[in-house]
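In: Below is the sequence, then the predicted model.
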Amino acid sequence: MSGTSPDLSFFQSQTAQNLRAEGRAVGRAEAILLLLGDRGVEVSEEARERILGCQDLGILGVWFRRAITAVSVAEVFGASDAG
């Protein structure tokens, strides 16, 4: 075994950080859809695309918390997010 260490610069790069954040966002979006589905809340294709297309972990967190008790997707998005 040589004394050189592997180049780990990619894992610390902005690209890698962006990929990890994107993965977390996709995972959270999928969790929201799963939660809504398990609760019997109907999700339109437009709403599904909006949820899956969101990359903001903060917004996804709000939507997830709302999805726990929401009876409609409109409640998940909330009045202030309805745009």
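Out: In hand now; what should we look at?

In: in this structure, which spans are helices?
Out: 9-12, 14-38, 45-53, 57-67, 73-77 (DSSP state H).

In: Specify the angle between the fourth one and helix 45-53 in degrees.
Out: So the one you mean is helix 57-67. Orientation of helix 57-67 against helix 45-53 (axes from the mean of the first three to the mean of the last three CA atoms, to 10 degrees) gives an angle of 130 degrees.

In: buried stuff in helix 57-67?
Out: 60, 62-64, 66-67 (16 or more other CB atoms under 10 Å). Where C-beta positions appear, they are placed from N, C-alpha and C, glycine not excepted.

In: do the same with the third one
Out: Within helix 45-53, the residues that qualify as buried by neighbour count (16+ other CB under 10 Å) are 47, 50-51.

In: ok, now the longest one?
Out: If you call a residue buried by 16+ other CB under 10 Å, then helix 14-38 has these buried ones: 25, 28-29, 32-33, 35-36.

In: Quick one: these as a markdown table, columns for distance to Q55 and pLDDT too.
Out: Output for these, formatted as a markdown table (distance: CB to CB, whole Å; pLDDT from 0 to 100):
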| residue | distance to Q55 | pLDDT |
| --- | --- | --- |
| A25 | 5 | 86 |
| R28 | 10 | 94 |
| A29 | 9 | 95 |
| I32 | 14 | 97 |
| L33 | 15 | 97 |
| L35 | 19 | 97 |
| L36 | 19 | 97 |
